[in-house]
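S.K.: Build me a model from this:
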Amino acid sequence: MPSSKKYKILFVTSEVVPFMKTGGLADVSSALTQKMTEMGHQVRIVVPKYGSIDERKYKIHEVVRLKELKTNIGSKIVNFSLRSSFLVGQKARVQIYFLDNNEYFVSRHSLYDDPLTGEEFHDNDERFILLNKSIFELIQKLGWIPDIIHCNDWQCALIPAYLKTVYKNNEEFKSIKTVFTIHNLVSQGIFGKSTFNKTGLPEQLNSENGIFHNNKVNFLKAGLLYSDIINTVSSTYSKEICNDIEFGYGMHDLLVKRKKDIYGIMNGIDENIWNPEKDKLLPKNYSIKNFGDKAESKKALCENFGFTYDENIPIIGIISRLTDTKGFDLLQKAFPELMKMDVRIVILGTGERKYHKFFEDFASKHSDKLSCYIGFDERLAHLIEAGSDMFLMPSKFEPCGLNQMYSLVYGTVPIVHKTGGLADTVQNYSVKTPEGNGFVFEKYDIKEMIKEIKNAVEIYTNDKHTWLKIIKNGMKSTFSWSDSAKHYLDLYKKLVD
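M.R.: Predicted coordinates for the structure are as follows:
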């Protein structure tokens, strides 16, 4: 079959920008589907219609054939509709179907957690069983048979299991193949035993050999068992989850069994949004040719965080979820030592309350060196990327990571732990590797991290020529979604051909 074949792709996700977002999955769901549509493929997206989505703004309308559908979740009959709109990009319009059900989605403005308690919604199992089952109703009612159903994370992981069991003898579905993308192996969709009867899956899956793990129903396991191809969002992470028990988060044995079907494809970045030459959120645009204008962003960043501007004192930026897995256990212990250095540190993010308190307390004691904004602010995120001199990402593991890529193209030198997507995008600078674009510590260790931070600060302070060289090495990087989309299409080709 020629490589010019155009595929029909049904992309199922739990979030997509600009409609809703909690993390990188939303960016991928938007950028990848648009890029594949630009390349001539027929792509349709299915996503829940959460209460925060503005129907009028996004022109979401009814589809007669997809109104008032029914399915069973256990003994409960659930009514739902699939409504339609478009994801409108600069060069492509992607059709998107919103799963409309008041009880599970429309009545909730939050995606996965109750904002009042911070706990996951008690009925997340039923909510996402409905998302998975709605796909088969959509295909049958429209008569639109995709070549590929592309499933993302645990919220969509039952689809391959339904396809290979409940619908295995259904002629409409026999040719459909599934790709399952792991964006985050830590979140697995784990529920009590009673959830199994809600799924409607055959009894042979009601065991540890099926979709149970440690005596609980595990949605992610269903995706790992039954999808035709699995991929992660970086090459190194795909190897780490197969080679290291700790990275496998309980799924190690199954991942090893499926090793030949696991691929790593690095996410791209949206160059229309993250590009210092045309970023509308910066005080002044700049590029490698007029790099001096980056100083305007540093001045604005200092003003925003209450620091006196000094071109000779480096600012280290951090934008992250404040959790152990993002390296904040290391950072917390390292802070007394970091505060002795002639640096300024700015932090943007939310996460565990213990870190909220620690950094707020520390910032009040060291207001001349540390400032933090607990929360999220898109304008501030762009300003930190452009205005910082260095960007610190000490993640314990990182399936892909986007901020190190933003940093490289913005001329902000990353300091990272060698793991996952960080290892694939940041090369350590040294006399032996003058093409390096950042600073990398190999061992997850406080001393190693501080050593690389000191190394970066030393070069910044005393060797401006070398520092500029490292910046230029980074700014030459390209992280185009075109490359990522081609790799995904290669996976589809393996399956369909």
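S.K.: now the helices for the stretch 201-350 of the chain?
M.R.: According to DSSP state H, counting those that start in this stretch, the stretch 201-350 of the chain carries its helices in the segments 219-226, 235-243, 245-248, 252-257, 294-305, 328-338.
S.K.: Oops, could you answer that again for the stretch 51-200 of the chain instead?
M.R.: 124-142, 158-164, 195-199.
S.K.: Give me the contact list for the shortest one.
M.R.: What it means is helix 195-199. Counting by Cβ atoms under 8 Å, 6 or more residues apart in numbering, helix 195-199 makes contact with 73-74, 76, 125-126, 129, 158, 205-206, 211-212, 217, all of which sit outside it. For the C-beta atoms, the positions are set from N, CA and C on the backbone; glycine is no exception.
S.K.: Kindly supply the ChimeraX command isolating those of the residues you listed that are buried.
M.R.: ChimeraX command restricting these to the buried ones, with burial defined by 16 or more other Cβ atoms under 10 Å:
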select :73,125,126,129,158,205,206,211,212,217
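S.K.: rewinding a little: okay, the helices of the stretch 201-350 of the chain, which one's buried deepest?
M.R.: Greatest average neighbour count among the helices of the stretch 201-350 of the chain goes to helix 219-226 (a mean of 25), per mean count of other Cβ atoms under 10 Å.
S.K.: so for it, what's the average pLDDT?
M.R.: Mean pLDDT, computed over helix 219-226, is 98.
S.K.: do stretch 474-484 as well
M.R.: The model assigns stretch 474-484 a mean pLDDT of 93.
S.K.: Stretch 179-187 too?
M.R.: In this model, stretch 179-187 carries a mean pLDDT of 95.
S.K.: where do the strands sit along the stretch 1-150 of the chain?
M.R.: 8-12, 42-48, 69-73, 76-88, 93-100, 148-152 (DSSP state E, counting those that start in this stretch).
S.K.: list the helices and strands the first one packs on?
M.R.: What it means is strand 8-12. Here strand 8-12 touches helix 24-38, strand 42-48, helix 124-142, strand 148-152, going by 3 or more Cβ pairs under 8 Å, 6 or more residues apart in numbering; DSSP states H and E.
S.K.: Please name every helix or strand in contact with the longest one.
M.R.: Pointing back at helix 124-142 there. strand 8-12, strand 42-48, strand 69-73, strand 76-88, strand 93-100, helix 158-164, helix 195-199.
S.K.: So which of these is nearest Pro314?
M.R.: strand 76-88 (39.5 Å; Cβ to Cβ).
S.K.: got the contact list for the closest one?
M.R.: By Cβ under 8 Å, 6+ apart, strand 76-88 touches 16, 30, 33-34, 45-46, 49, 58-63, 66-72, 93-101, 103-104, 126, 130, 134, 137-138, 198.
S.K.: Go through that strand and flag the buried ones.
M.R.: Quick answer for strand 76-88 (16+ other Cβ under 10 Å): 78, 80-83, 85, 87.
S.K.: Only alpha carbons, please: show that strand as PDB.
M.R.: Extracted in PDB, the C-alpha atoms of strand 76-88 (Å, rounded to 0.1, in the frame of the first residue of the first chain):
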ATOM      1  CA  LYS A  76     -28.000   1.600  35.100                       C
ATOM      2  CA  ILE A  77     -29.300   2.900  31.800                       C
ATOM      3  CA  VAL A  78     -27.500   6.100  30.800                       C
ATOM      4  CA  ASN A  79     -28.700   8.700  28.300                       C
ATOM      5  CA  PHE A  80     -26.200  10.800  26.400                       C
ATOM      6  CA  SER A  81     -25.800  12.700  23.100                       C
ATOM      7  CA  LEU A  82     -22.700  13.600  21.000                       C
ATOM      8  CA  ARG A  83     -22.700  17.200  19.800                       C
ATOM      9  CA  SER A  84     -20.400  18.700  17.200                       C
ATOM     10  CA  SER A  85     -18.100  21.600  16.700                       C
ATOM     11  CA  PHE A  86     -14.700  22.300  15.200                       C
ATOM     12  CA  LEU A  87     -11.300  22.800  16.600                       C
ATOM     13  CA  VAL A  88     -10.200  25.700  14.500                       C
END
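S.K.: Let me know the angle separating it from helix 24-38.
M.R.: Using axes from the mean of the first three to the mean of the last three Cα atoms, to 10 degrees, the inter-axis angle of strand 76-88 relative to helix 24-38 is 60 degrees.
S.K.: Just give me the neighbour total for the closest residue to Asp279 other than its chain neighbours.
M.R.: Nearest residue to Asp279, sequence neighbours excluded (Cβ to Cβ, 6 or more residues apart in numbering): His382, at 5.8 Å. By the measure other Cβ atoms under 10 Å, the count of residues near His382 is 21.
S.K.: so how far is Tyr410 from His382?
M.R.: His382 is 9 Å from Tyr410, where distance means Cβ to Cβ, to the nearest Å.
S.K.: Common neighbours of these two, please.
M.R.: Trp274.
S.K.: follow-up on the earlier one: now the strands of the stretch 1-150 of the chain in TSV, with mean pLDDT and distance to Cys302?
M.R.: Converted to TSV, the strands of the stretch 1-150 of the chain look like this (pLDDT from 0 to 100; distance: least, Cβ to Cβ, whole Å):
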stretch	mean pLDDT	distance to Cys302
strand 8-12	98	42
strand 42-48	98	40
strand 69-73	97	54
strand 76-88	96	37
strand 93-100	97	41
strand 148-152	98	39
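S.K.: any chance of the ones you listed in JSON lines, plus distance to Leu348?
M.R.: Listed next are the strands of the stretch 1-150 of the chain as JSON lines, based on distance: least, Cβ to Cβ, whole Å:
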{"stretch": "strand 8-12", "distance to Leu348": "30"}
{"stretch": "strand 42-48", "distance to Leu348": "27"}
{"stretch": "strand 69-73", "distance to Leu348": "39"}
{"stretch": "strand 76-88", "distance to Leu348": "27"}
{"stretch": "strand 93-100", "distance to Leu348": "30"}
{"stretch": "strand 148-152", "distance to Leu348": "26"}
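S.K.: Nearest to Lys174 among those strands would be which one?
M.R.: Taking the strands of the stretch 1-150 of the chain one by one with Cβ to Cβ, strand 148-152 is closest: 13.1 Å.
S.K.: now the angle between strand 8-12 and the closest one, please.
M.R.: 20 degrees.
S.K.: Strand 148-152: how far from the chain's middle?
M.R.: Centre-to-centre, strand 148-152 and its host chain are 16 Å apart (Cα atoms, centre = their mean, to the nearest Å).
S.K.: Now do it and helix 124-142, the angle between them.
M.R.: Using the same axes, to 10 degrees, strand 148-152 lies at 160 degrees relative to helix 124-142.
S.K.: Can you name every helix or strand that the strand or helix carrying Ser364 contacts?
M.R.: Assigned by DSSP states H and E, Ser364 belongs to helix 353-365. Applying 3+ Cβ pairs under 8 Å, 6+ apart, we find helix 353-365 packed against helix 328-338, strand 370-374.
S.K.: those helices in the stretch 351-497 of the chain, which residues are they?
M.R.: Secondary structure of the stretch 351-497 of the chain by DSSP H, counting those that start in this stretch: the helices cover 353-365, 378-387, 403-409, 420-425, 446-462, 464-475, 481-496.
S.K.: just to revisit the earlier point, in the contacts of helix 195-199, find the pair that's most separated.
M.R.: Longest span within these, Cβ to Cβ: Lys76 and Phe212, 21.9 Å.
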